[in-house]
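[1] Kindly return the folded structure for what I paste below:
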Amino acid sequence: MTVKLGEVPSDLKNGTKLARGANFRCLLSNSPIEPDCIKAEGTGKRLGTRLMAAIAEGARGRVYLSPTREIETAALAAREPWKPEGELVKDARAFTPYLYGLLTWSELFTTRQLVALSTFSSLVGEVREKARADSLSAGMQDGLSRKCEVECKIHICVKGTERLLCHGRQG
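    Next up is the predicted model:
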């Protein structure tokens with residue numbers, strides 16, 4: 001993969017998805033890919049992921065880098081400390097990853113996504129206690145209200161995910 005700067009070509013702005021379901025077009029030939037072909041590749045465990053770019057913090061904001069062997073090696077070295085357990089429902093009407101060979105919850109995430117989720121979930125308790133202490137020191141009698149706690153957790157997850165995934169920071 002090579003990162004290119006500039007305007008996105010008009011034929012790529014809408015992505016490769018053609019319609020609902022597994023209807024995509026090939027980036028190389030521009031031909032439609034049969035949904036049954038995609039499902040067969042998935043159930044055959046021949047689908048995978050590929051690092052498209054690395055994002056770093058530059059002097060003026062984000063810098064997008066083409067993945068080198070060193071960057072790919074570092075990305076592949078990530079090991080998740082935790083995986084969600086359990087099988088996916090196989091007769092869901094709107095949730096059909098099983099048609100593509102994804103049978104468990106952990107298969108819905110990449111290793112790097114699981115590392116990020118584990119990192120955030122381990123920090124939520126610390127942030128909650130810090131927010132409670134700050135609210136008490138600011139004069140709130142009973143610390144954080146339930147509504148404030150929920151909003152705080154949502155903010156932490158959204159901003160933390162953006163920060164880690166977009167800027168590569170942990171902590």
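
[2] Per-residue pLDDT of Asp11, please?
    Each residue has a pLDDT score; the one for Asp11 is 75.

[3] Assign a three-state SS to it, would you?
    Look at Asp11: counting by DSSP: H, G, I helix; E, B strand; the rest coil, its state is helix.

[4] got the buried residues for the helix or strand hosting Cys37?
    Here Cys37 is covered by helix 35-43, with elements defined by DSSP states H and E. Taking 16 or more other CB atoms under 10 Å as the basis for neighbour counts, the residues of helix 35-43 that come out buried are 35, 38-39, 42. (Glycine included, C-beta is placed from N, CA and C.)

[5] And the helix or strand hosting Ser135, what's buried?
    Ser135 is part of helix 111-137 when elements are defined by DSSP H and E. Neighbour-count burial for helix 111-137 flags 111-117, 120, 128, 131-132, 135 (criterion: 16+ other CB under 10 Å).

[6] For the buried residues of helix 35-43, which two are the farthest from each other?
    When the buried residues of helix 35-43 are compared pair by pair using CB to CB, the farthest-apart members prove to be Pro35 and Gly42, with a separation of 10.6 Å.

[7] which residues do these two both contact?
    Counting by CB atoms under 8 Å, 6 or more residues apart in numbering, Pro35 and Gly42 have no contacts in common.
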